[in-house]
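Trainee: here's my sequence, what's the structure:
(one chain, ligands or ions: 2)
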Amino acid sequence: MATFEQKLCTRTTLPQRIADLPKPVVLTNGVFDILHRGHVTYLAQARELGASLVVAVNTDASVKRLGKGDDRPLNTLADRMAVLAALESVSLVVEFDEDTALEVVQEARPDIYAKGGDYVMSAIPEGKEVIAYGGKAVAIDFAHDRSTTKLVAKIRQYG
Ligand SMILES: Nc1ncnc2c1ncn2[C@@H]1O[C@H](COP(=O)(O)OP(=O)(O)OP(=O)(O)O)[C@@H](O)[C@H]1O
Ligand SMILES: O=P(O)(O)O[C@@H]1O[C@H]([C@H](O)CO)[C@@H](O)[C@H](O)[C@@H]1O
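Mentor: Ligands and ions are numbered 1, 2, ... in the order given. So this is what the prediction gives:
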């Protein structure tokens, strides 16, 4: 097993694994189906908001309920988590099967919660929760106009 896979974490061990991380801890969540320059730039920026970055990843069943498309996710949860774990900016990777990462935020109680600029923190359950307990919720503006959906369309057009 590659060393980076030691960053893979279960929900039950998440609180203890987080307790062992350098503080402040940043948490984000997402699907991260086909990783692109927007994702890795945003994850590096999220990591720079604190001293550690935890990424919560939607299970395949959770993605199906998000309505991104019947063909999504293209990459399995295991593959999406491994690719994220390989990033230098990422400290821990955990899965979640719920519709939102609210419960993960409640279990992890990160000091900082981050999403890309396509979200408004006061409008999403995770952001509201972190703000309610006195943490910071940060929406990071896109530095690169990329999306998995656009990449999939491009591949299908030239495939
Ligand atoms: N171009 C981008 N720049 C910065 N952050 C991004 C960008 N695209 C997505 N993000 C952020 O990355 C996280 C994962 O998003 P997601 O996996 O939905 O990416 P996506 O490329 O938009 O996928 P899809 O096209 O399937 O919706 C979210 O927090 C989102 O805000
Ligand atoms: O990769 P996405 O689509 O940006 O990630 C989603 O984020 C949602 C957000 O946290 C608002 O709740 C979340 O609900 C959803 O489960 C995906 O993680």
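Trainee: identify the residues contacting the residue of the chain found nearest ligand 2.
Mentor: When scored by Cβ to the nearest ligand atom, the chain has Gly30 as its residue closest to ligand 2, at 3.0 Å. The way it works is simple: take the backbone N, C-alpha and C, and place the C-beta from them, glycine included. Residues near Gly30 by Cβ atoms under 8 Å, 6 or more residues apart in numbering: 39, 55-58, 115.
Trainee: distance of it from Thr3?
Mentor: Per Cβ to Cβ, to the nearest Å, Gly30 is found 24 Å from Thr3.
Trainee: for the protein, which segments count as strands?
Mentor: Here the chain has its strands, by DSSP state E, at 8-9, 25-30, 52-58, 92-96, 112-116, 136-140.
Trainee: most neighbours per residue, which of those strands?
Mentor: Most buried of the strands of the chain, by mean neighbour count (mean count of other Cβ atoms under 10 Å): strand 52-58, with a mean of 26.
Trainee: show me what that strand is in contact with.
Mentor: 9, 14, 18, 21-32, 43, 46-47, 66, 73, 77, 80-81, 84, 89-97, 101, 104, 108, 110.
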